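>>> Sharing a model prediction with you, sequence too.
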Amino acid sequence: MVVRSTSLRARLGLVALVAGYGFLDLVAGAPNSPLTPVLPRGVGPPRWSVRGADWLGLDRLSRTGLTIVSLLILAALVLALGVVFLEAWRGRVRLGAVLAAVGVSLALAVAAPVLLSRDVYSYAVYGRIFTLHGANPYLVPPSAFPFDPFVQVASREWIHAPSVYGPAFTLLSASVAWIWGGSVAGTLLAFKVIAAASVGVASLLAARTAETIRPGKQAAAATAIGLNPVIVVHTVGGGHNDALLALCIAGALMLAVRSQSSADHRPSNGHSTGPAFLGATTLLTLAVLVKSVALPILLLWLWHVVRRTSTDRRNIAVVTHGLLVVALAGAGFGPFAAGGRTFRALLSVASRQGWASGPGLVVRGARAFGRAVGGGSTGVALDTLVSVAFAALFLALFWRILTRPVASDQPDAWGRSMLLFALAAPYFLPWYAAWFLPLVVFMEDATLMVIGMSAAGLLALTGVPAEPGTAPHVWQAMMLGVHYGAAPLMLGMLGVAVRRTLAGAGRETAPRPCLERPRTTSSP
């Protein structure tokens, strides 16, 4: 399906998206902006955004007024994204128009100051601990280096914690520290460029994949990632490493689809060790080594490789892919190896609860109820019980997806798993949407696709103001809205997603993004 022109509605939506991202940059340049966390000494908003904010009179607004303006812009961006996505889904948007808007939007996000999160400071610190301070970031916390410029502005919640990120990302952070260690501004820019480049390439790869298994949906696939406010503002604006996850997942999916092409697919002999197969395994392993949350997709893919390989070649496939995973993991963990202490640091993130997580809301309620009824120990017991129950729920659903009869529906399986994982997690931050947005267009169930896009849109509206600043009451109101407004909605979305997954709904009405090509008989 060739889209010859972009509809007027879509053009207006694209213009609104680009203009909205530009206007947010100007709000970020205003004094006391709610969009920016505390910036390191010597780093400030770019001059053009400061001058633009002054010209628009934003410098005369209070922090509360700027917060209202920011939320209105974000709401308009979510609405504009919905318009463009629907038009793209209906085949009324040219891919070139979307990619042009993606490029401009990402450039604006990079040009802005750090937005809505201090996580990028922690990224910088962990890399500097290894490269500049000569210590192991999985053993030594940032607080051991109080005079480091990034430690001074990093979140107080994390400065006493060793790194919770995968070794591949820590090595990347160390490389950034090695190249830009003498420049605070250069370090921040590097992380934002990495995030923007990852999102841009992920958008291209998703469009390429859609060309094969979702013909006519290329523009929609790129729009869901590259024009999404939760990605452009929160993920790229904050320089988050979840953008790398989106890149690895999108690249792995494209290779998984390519593995079934005539050049690499050999149905008669069950060959599963070709370049595309091994490339997908490599990218998914790297994704896990950036953030362990990508593990469900890696398991789904490896199980798919085993199931589709003929019996006489299965051992070869298992050994080849297994050795590849082990080799990559060894290369990643090698520089930081410290026995079980390294893995304890990585696993500590599982204890985090809150933000827009539906299960987090239930856990907090159970803990409060337990404390009221039987004291602190009862609260802790109920907290643990409910947390385990949600983890068991996801594992049961994942097992159902893993063992379903049609082993070839990898795009749908990946998308369902990551959406369920995000919704069932005890901690659900805006940039976590990057875990499932590269896959949302490839889900067979249109309801799950809507849930994924809706969850991303809801997350985009959270996190403003970034910090209490001079208006702590506004920040407290935002947190109440997240915990008792967004979280219940996410819990409802989880309930619908669970029901749809258990029922297997949507498989008859949506086109199947099947990786499996018809098997033919040929001589060995």
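Structure received. Treat the numbers as computed from the prediction; the structure is a model and nothing was measured.

>>> And the lowest mean pLDDT element among the helices and strands of this protein?
helix 340-347 (a mean of 68; mean pLDDT, DSSP states H and E).

>>> who's in contact with the most centrally placed residue in the chain?
The central residue of the chain, meaning the one whose C-alpha is nearest the mean C-alpha position (Cα atoms, centre = their mean), is residue 434 at 2.2 Å. Under the criterion of Cβ atoms under 8 Å, 6 or more residues apart in numbering, the neighbours of residue 434 are 199, 225, 231, 235, 240, 242, 243, 245, 246. Yep, even glycine has a C-beta here, placed from its N, CA and C like the rest.

>>> low-scoring stretches of the stretch 301-450 of the chain, by residue?
Low-confidence regions of the stretch 301-450 of the chain, defined here as pLDDT under 70, cover residues 339, 344-354, 405-408.

>>> Where do the helices of it begin and end?
Defined through DSSP state H, counting those that start in this stretch, the helices belonging to the stretch 301-450 of the chain, from first to last, are 311-333, 340-347, 358-374, 376-402, 410-424, 446-460.

>>> now the longest one, how far from the centre of its chain.
This points to helix 376-402. 23 Å (Cα atoms, centre = their mean, to the nearest Å).

>>> ditto for the fifth one
Per Cα atoms, centre = their mean, the displacement of helix 410-424 from the mean C-alpha position of its chain is 12 Å.

>>> counting contacts, what elements does that helix pack onto?
Counting contacts by 3 or more Cβ pairs under 8 Å, 6 or more residues apart in numbering; DSSP states H and E, the secondary-structure elements packed against helix 410-424 are helix 242-258, helix 295-308, helix 376-402, helix 446-460, helix 487-503.

>>> same check, this time on the longest one
Helix 376-402 sits against helix 295-308, helix 358-374, helix 410-424, helix 487-503, with contacts defined as 3+ Cβ pairs under 8 Å, 6+ apart.

>>> Make CSV out of those helices and add distance to residue 319 and mean neighbour count.
What follows is those, written out as CSV (distance: least, Cβ to Cβ, whole Å; neighbours: other Cβ atoms under 10 Å):
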stretch, distance to residue 319, mean neighbour count
helix 295-308, 11, 20
helix 358-374, 38, 18
helix 410-424, 22, 26
helix 487-503, 33, 17
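
>>> could those go into a markdown table alongside distance to residue 337?
As requested, those are arranged in a markdown table below (distance: least, Cβ to Cβ, whole Å):
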| stretch | distance to residue 337 |
| --- | --- |
| helix 295-308 | 20 |
| helix 358-374 | 33 |
| helix 410-424 | 28 |
| helix 487-503 | 37 |
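
>>> Look up phi and psi at the residue lying closest to residue 470 once chain neighbours are set aside.
Nearest in space to residue 470, with sequence neighbours left out and distances taken as Cβ to Cβ, 6 or more residues apart in numbering, is residue 63 at 5.3 Å. For residue 63, the backbone dihedrals (degrees, to the nearest 10) come out as phi -60, psi -40.

>>> gap between residue 63 and residue 39?
In this structure, residue 63 and residue 39 are 16 Å apart, going by Cβ to Cβ, to the nearest Å.

>>> And those two? Which one has more around it.
More crowded of residue 63 and residue 39, by other Cβ atoms under 10 Å: residue 63, with 20 against 17.

>>> got the contact list for the more buried one?
For residue 63, the contacting residues are 32, 33, 34, 465, 469, 470, 471, 474, by Cβ under 8 Å, 6+ apart.

>>> rerun at 6 Å
Under the criterion of Cβ atoms under 6 Å, 6 or more residues apart in numbering, the contact list for residue 63 reads 32, 34, 469, 470, 471.

>>> Skipping its backbone neighbours, what lies nearest the third one in space?
So that's residue 469. Counting by Cβ to Cβ, 6+ apart, residue 63 is the residue found nearest to residue 469 once chain neighbours are left out, at 5.7 Å.

>>> Residue 284 now?
Leaving out its chain neighbours, the residue that sits closest to residue 284 by Cβ to Cβ, 6+ apart is residue 298, at 4.3 Å.

>>> hang on, that neighbour packs against residue 287?
No: checked against Cβ atoms under 6 Å, the pair residue 298 and residue 287 is beyond contact range at 7.3 Å.

>>> Which residues belonging to stretch 47-58 are considered buried?
49, 50, 52, 53, 56, 58 (16 or more other Cβ atoms under 10 Å).

>>> From what I see, the last one and residue 30 are in contact.
Meaning residue 58. Yes: judged on Cβ under 6 Å, residue 58 makes contact with residue 30 at a distance of 4.0 Å.

>>> if we can go back for a sec, Produce a PyMOL select command limited to the buried residues of the contacts of residue 63.
Per 16+ other Cβ under 10 Å, the buried members of those correspond to this PyMOL selection:
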select buried, resi 34+469+471
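
>>> Per-residue pLDDT of residue 518, please?
Reported pLDDT at residue 518 in the predicted model: 36.

>>> actually residue 79, sorry about that
pLDDT, residue 79: 98.

>>> can you tell me the helix or strand for it?
For residue 79, the element it lies in under DSSP states H and E is helix 63-89.

>>> Buried ones in the following helix or strand past that helix, by neighbour count?
Downstream of helix 63-89, the next assigned helix or strand under DSSP H and E is helix 95-111. Using 16+ other Cβ under 10 Å as the burial criterion, the residues of helix 95-111 that qualify are 95, 97-99, 101-102, 104-111.

>>> quick one: helix 95-111 to helix 242-258, angle?
Compare the direction of helix 95-111 with that of helix 242-258 by axes from the mean of the first three to the mean of the last three Cα atoms, to 10 degrees and you get 150 degrees.

>>> remind me, longest helix of the chain?
With secondary structure taken from DSSP state H, the chain has its longest helix at helix 184-213.

>>> Of all the residues in it, which ones are buried?
For helix 184-213, a neighbour-count test (16+ other Cβ under 10 Å) marks 184, 187-192, 194-211, 213 as buried.

>>> What is that helix packed up against?
For helix 184-213, the contact count by 3 or more Cβ pairs under 6 Å, 6 or more residues apart in numbering; DSSP states H and E identifies helix 95-111, helix 119-131, helix 167-180, helix 218-226, helix 242-258 as packing neighbours.

>>> Quick one: those helices as JSON lines, columns for mean pLDDT too.
Converted to JSON lines, those look like this (pLDDT from 0 to 100):
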{"stretch": "helix 95-111", "mean pLDDT": "98"}
{"stretch": "helix 119-131", "mean pLDDT": "96"}
{"stretch": "helix 167-180", "mean pLDDT": "96"}
{"stretch": "helix 218-226", "mean pLDDT": "97"}
{"stretch": "helix 242-258", "mean pLDDT": "95"}
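
>>> Packed most tightly, which of the ones you listed would that be?
Comparing the helices and strands packed on helix 184-213 by mean neighbour count (mean count of other Cβ atoms under 10 Å), helix 218-226 comes out on top with a mean of 29.

>>> quick one: it to helix 95-111, angle?
Computed by the same axes, to 10 degrees, the angle separating helix 218-226 from helix 95-111 equals 10 degrees.

>>> Nearest residue to residue 210 in space, please, no chain neighbours.
Leaving aside its sequence neighbours, residue 210 is closest to residue 221 (4.1 Å, by Cβ to Cβ, 6+ apart).

>>> check contacts around the one you found.
206, 207, 210, 441.

>>> Give me the local confidence score for the residue nearest to residue 284.
Residue-level pLDDT assigned to residue 298 equals 97.
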